[in-house]
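In: structure, please.
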Amino acid sequence: AVTVAAVAPGLFVLPPYGGRYVAADVQTGTGAITPAGSQAVNAGANLFTTARAGDYLMLYGTGWGATGNPVPTTLFYGAYPARGTTTVTIGGKPAAVQFAGRVAPGLDQINITIPTLPDGDYAVNIAVNGVPGPQNVFVSVGQNVNADGPGVYNRIAKSANTAVFLGDSISVSNPNYPRDDYPAQTVLLSGGRILTIGNVAVHGDTSAQVASLVPAVIALHPAVCFVLAGTNDLGVVTPDVTTANIDEIVQQLAANHIQPVLSLLPPRNGMSAGVRAENQAISAYAASHNLPLIDFYTPLADPATGNYKTGFTSDGTHPSPAGATAMAQAAIATTQSLFMPVPSFLPSPAAPGTNFLSDPFFLMDGDGDGIADAFTVTEHGAASFSVITGDDGARWQSITSLKADAVQIAELYIMPGANTFQPGDRVALVGRAKLMIPDGSNGEGSITVNAVPVAQPLLGVFDKVAGFGDEPFYTEFTAPAGTSFLNLFITVSGANANLQVSEIGLFDLTREQPGQ
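Out: Just a heads-up that it's a prediction; the model follows:
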């Protein structure tokens, strides 16, 4: 079957990151013409130039249809304007089209002027005679987008990288123990590139019950939804019922422009035949509908028995922290092309006028007690404190708990105001942390924000008995109505457990764009 159409506009894209970026040239104010692309596609070659608002951008593609003057059938020379009407928007804003037409055999070109936009990644939408071109193709605008290091806050890319995890107890995420479940591990191990804006998962849910939760996902408006359903169907319904429920989930998500990502079930001890049958059905469904599919089975299953590998489960059904790590690694590898390749969404603690924590770099210790002057000791277990400089020059607040009792420092009474937050605002907590737990010590560490007088812990960045090295953290919360002030707590417990925090910040996301 062949479809013949007057126009079928398409755009060429660059290979990296699953073809997310358009292939184009940019002519800057100096007159130089170079390939357009941010550092995300540069790969250190310095061949690309990031376009700026007002630059002249040349997009390449096919399918613009007939030209005003016939293209010669012998030697091609010159350029031939397209007969149809071409429109282009960048980030939803109209871009002035200077030329659209055939410039070589099989090659069409559009020349536009980039509209005025803040730095960011923006969708490029084209249409010829009202016929739309491809979706989810982007161009980087501005020198401060997709830089090599952290500190870039890219609102456009952030909206494209939001995710919700949908499923049963295996997908339930406890914000106080993010190393124990695969959704939180996915965010951590992606370095904050994949941002969770919701967890819609219920212990014990069957695939039918998971399907009933989809409206809660839609209400959050994520770009991507990770779907893991069917473990509680084992021995209850047949695989075709499970896939019918998954189809209902997929149809609802797709109708609301949310990308579904399906998953094979991890093992379940003693039920290997049922797991394999369901996974075969899910795999066939994903292939027939051209949907991304994460393999949670192979990394966790003992190929000889079909049960969990040793150390990868806590109870034969749920993954252990090691299993959660393996699942997160599989999720990130499978979905890399779905997410914008920004290095990090962490706002820079140094961004002027945005960070409303005092001394985010721990530079001030005027009394020499080892505690940054902005912080106060609020739990007085036996401890040692120091402010140290790391190998990269960053300053770290270090707390070592000498006994089992908890030790805590806090920055208190962060009041609503013009330079902080208002109740109802969306607030982000970011930073870097290290947690070192000696062998045999039952140590833990946490970073939390409490709202007063609501007396509600808004988040726990981590709280784990196993240590880890230098890692960024990023989490968001809504300041509850009636909040009089926020308190930030940094806590560690366990004999000789050491917690270090660096480059920490609180940012109001509702009223400002940190890092810009």
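In: going by C-alpha atoms from here, please, whenever you check contacts or count neighbours.
Out: Will do.
In: so which bits of stretch 404-423 are buried?
Out: 404-412, 414-415, 420-423 (16 or more other CA atoms under 10 Å).
In: next up, phi/psi of Ser171, please.
Out: phi -100, psi 0 (degrees, to the nearest 10).
In: how close does the residue nearest the centre of the chain sit to Glu444?
Out: Nearest to the mean C-alpha position of the chain, counting by CA atoms, centre = their mean, stands Ile194 at 1.7 Å. Distance of Ile194 to Glu444, given as CA to CA, to the nearest Å: 25 Å.
In: return the member of the buried residues of stretch 404-423 nearest to Ala479.
Out: Pro423 (5.0 Å; CA to CA).
In: surely that closest one touches Gly482?
Out: Yes. Look at Pro423 against Gly482 with CA atoms under 8 Å: they come within range, at 6.4 Å.
In: hmm, back to that, show me which pair in the buried residues of stretch 404-423 is furthest apart.
Out: The distance between the two most remote of those (CA to CA) is 37.4 Å, for Ala404 and Gln422.
In: follow-up on the earlier one: contact partners for the residue nearest to the centre of the chain?
Out: Asn161, Thr162, Ala163, Thr186, Val187, Phe339 (CA atoms under 8 Å, 6 or more residues apart in numbering).
In: mind running it again at 7 Å?
Out: By CA atoms under 7 Å, 6 or more residues apart in numbering, Ile194 lies in contact with Asn161, Thr162, Ala163, Val187.
In: isn't the second one right up against Cys225?
Out: Going back to what we said before, that points to Thr162. No. Counting by CA atoms under 7 Å, Cys225 is not a contact partner of Thr162; they are 8.7 Å apart.
In: output the below-cut-off pLDDT ranges for the stretch 201-350 of the chain.
Out: When residues are selected by pLDDT under 70, those of the stretch 201-350 of the chain lie in 341-350.
In: go again using 90 as the cut-off
Out: The model of the stretch 201-350 of the chain has pLDDT under 90 over residues 220-223, 257, 314, 321-322, 325, 333, 335-350.
In: could you pull out the strands for it?
Out: 224-228, 259-263, 293-294 (DSSP state E, counting those that start in this stretch).
In: what do you get for the stretch 51-200 of the chain?
Out: Counting by DSSP E, counting those that start in this stretch, residue ranges of the strands within the stretch 51-200 of the chain are 56-62, 80-81, 86-90, 93-94, 96-104, 107-113, 120-128, 131-132, 138-141, 162-167, 195-201.
In: any buried residues in the last one, and which?
Out: Neighbour counts using 16+ other CA under 10 Å place Leu195, Thr196, Ile197, Gly198, Asn199, Val200, Ala201 of strand 195-201 among the buried residues.
In: leaving out chain neighbours, which residue sits closest to Asp119?
Out: Distances taken as CA to CA, 6 or more residues apart in numbering put Gly142 closest to Asp119, at 4.4 Å, once the chain neighbours are dropped.
In: kindly apply the preceding question to Phe99 instead.
Out: Among residues not flanking Phe99 along the chain, Asn111 sits closest, at 5.1 Å (CA to CA, 6+ apart).
In: quick revisit: so which of the buried residues of strand 195-201 comes closest to Pro70?
Out: The shortest approach to Pro70 among the buried residues of strand 195-201 belongs to Leu195, at 50.4 Å (CA to CA).
In: how much space between that closest one and Phe339?
Out: For Leu195, the distance to Phe339 - CA to CA - is 10 Å.
In: buried set for stretch 368-382?
Out: Result for stretch 368-382 [16+ other CA under 10 Å]: buried residues Gly370, Ile371, Ala372, Asp373, Ala374, Phe375, Gly381, Ala382.
In: now these as a markdown table including pLDDT and secondary structure?
Out: Listed next are these as a markdown table, based on pLDDT from 0 to 100; DSSP: H, G, I helix; E, B strand; the rest coil:
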| residue | pLDDT | secondary structure |
| --- | --- | --- |
| Gly370 | 94 | coil |
| Ile371 | 94 | coil |
| Ala372 | 93 | coil |
| Asp373 | 92 | coil |
| Ala374 | 91 | coil |
| Phe375 | 94 | coil |
| Gly381 | 84 | coil |
| Ala382 | 90 | coil |
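In: hang on, the earlier thing: higher neighbour count, Thr162 and Cys225?
Out: The neighbour count for Thr162 versus Cys225, taken as other CA atoms under 10 Å, is higher for Cys225 (26 against 20).
In: surely the more buried one is in contact with Gln259?
Out: Yes. With contacts counted by CA under 7 Å, Cys225 reaches Gln259, the gap being 6.1 Å.
In: find residues that contact each of the two.
Out: Joint contacts of Cys225 and Gln259 (CA under 7 Å, 6+ apart) do not exist.
In: could you give the number of residues near the residue nearest to Phe99?
Out: That count, for Asn111 with other CA under 10 Å as the rule, works out to 21.
In: also Pro319?
Out: So Pro319, with other CA under 10 Å, has 25 neighbours.
In: quick check, it in contact with Lys309.
Out: No. If you go by CA under 7 Å, Pro319 and Lys309 don't touch, sitting 10.0 Å apart.
In: distance to Ala451 for the strands of the stretch 201-350 of the chain - can I get that in JSON lines?
Out: Below are the strands of the stretch 201-350 of the chain laid out as JSON lines (distance: least, CA to CA, whole Å):
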{"stretch": "strand 224-228", "distance to Ala451": "30"}
{"stretch": "strand 259-263", "distance to Ala451": "34"}
{"stretch": "strand 293-294", "distance to Ala451": "38"}
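In: which one of those strands lies closest to Gly68?
Out: Across those, Gly68 has its closest neighbour in strand 259-263 (39.4 Å, CA to CA).
In: tell me which other helices or strands the closest one touches.
Out: Strand 259-263 sits against strand 224-228, helix 239-255, strand 293-294, with contacts defined as 3 or more CA pairs under 7 Å, 6 or more residues apart in numbering; DSSP states H and E.
In: CA atoms only: put the second one into PDB for me.
Out: Taking only C-alpha atoms (Å, rounded to 0.1, in the frame of the first residue of the first chain), the coordinates of helix 239-255 have been written out as PDB:
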ATOM      1  CA  PRO A 239      -2.100 -13.000  30.600                       C
ATOM      2  CA  ASP A 240      -4.600 -11.900  28.000                       C
ATOM      3  CA  VAL A 241      -6.600 -10.200  30.700                       C
ATOM      4  CA  THR A 242      -3.500  -8.500  31.900                       C
ATOM      5  CA  THR A 243      -2.600  -7.100  28.500                       C
ATOM      6  CA  ALA A 244      -6.200  -6.000  28.000                       C
ATOM      7  CA  ASN A 245      -5.900  -3.900  31.100                       C
ATOM      8  CA  ILE A 246      -2.500  -2.600  30.000                       C
ATOM      9  CA  ASP A 247      -4.100  -1.600  26.700                       C
ATOM     10  CA  GLU A 248      -6.700   0.400  28.600                       C
ATOM     11  CA  ILE A 249      -3.800   2.200  30.400                       C
ATOM     12  CA  VAL A 250      -2.000   2.900  27.200                       C
ATOM     13  CA  GLN A 251      -5.000   4.200  25.400                       C
ATOM     14  CA  GLN A 252      -5.800   6.600  28.200                       C
ATOM     15  CA  LEU A 253      -2.300   7.900  28.500                       C
ATOM     16  CA  ALA A 254      -1.800   8.300  24.700                       C
ATOM     17  CA  ALA A 255      -5.100  10.200  24.500                       C
END
